[in-house]
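Enquirer: turn this into a model:
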Amino acid sequence: MAMTKFTLGEVYGLTKSLTKLTDKDIPIKASFNLIKFLKSCSEEMDVLEKARVKLVEKYSEEKEEGKDTQVSDENKEKFQEEFSVLLNEEVEIDFKPIAEDDLGDISMSANDLIPLQKLFVEK
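Expert: Numbers count the residues shown, from 1 in each chain. So this is what the prediction gives:
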């Protein structure tokens, strides 16, 4: 395998589409590689979510009993700026792009494929 660089924003954006792709009936080798990649993405998303929660707590209003913590209106811009910095952080994930032909005969919507473009190469 090869290390491939992704921003956390890219990982965040492709996770939903990747889950849909792994539900498709694709050849075992491609399926195995995608599942390993999804596991690595999940680990990165866990770290991102913990950081996001800390940011929400940092910029939240006083929490009322029984209500979810939310970023206060006056702090939304600061929260967005810091979260954007996080989303632009690069991570390396052990993944070798898959040849499009190795996916077999599947169909997916263009909206689901757009975030996945970096995962595939033409033969």
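Enquirer: next up, the contacts around the residue nearest to S72 when sequence neighbours are not counted.
Expert: Excluding the flanking residues, the one nearest S72 by C-beta to C-beta, 6 or more residues apart in numbering is E61, at 4.3 Å. Every C-beta, even on glycine, is put in place using the N, C-alpha and C of the backbone. Shown in contact with E61 (C-beta atoms under 8 Å, 6 or more residues apart in numbering): Q70, V71, S72.
Enquirer: just D102 next, same as before
Expert: P27, K29, A30.
Enquirer: again, only this time at 6 Å
Expert: Contact analysis of D102 by C-beta atoms under 6 Å, 6 or more residues apart in numbering lists A30.
Enquirer: quick check, it in a strand?
Expert: No: with DSSP: H, G, I helix; E, B strand; the rest coil as the criterion, D102 is helix rather than part of a strand.
Enquirer: roughly how far apart are F95 and E57?
Expert: Distance of F95 to E57, computed by C-beta to C-beta, to the nearest Å: 32 Å.
Enquirer: could you check which of those two has the larger neighbour count?
Expert: Remark: of F95 and E57, F95 carries more neighbours, 19 against 11, as counted by other C-beta atoms under 10 Å.
Enquirer: show me the strands in this structure, by range?
Expert: Using DSSP state E, the strands of the chain run over 3-7, 90-94, 98-99, 120-121.
Enquirer: what is the burial count for Y12?
Expert: Y12: 19 surrounding residues under other C-beta under 10 Å.
Enquirer: any idea how far it lies from K123?
Expert: Taken as C-beta to C-beta, the span from Y12 to K123 is 29 Å.
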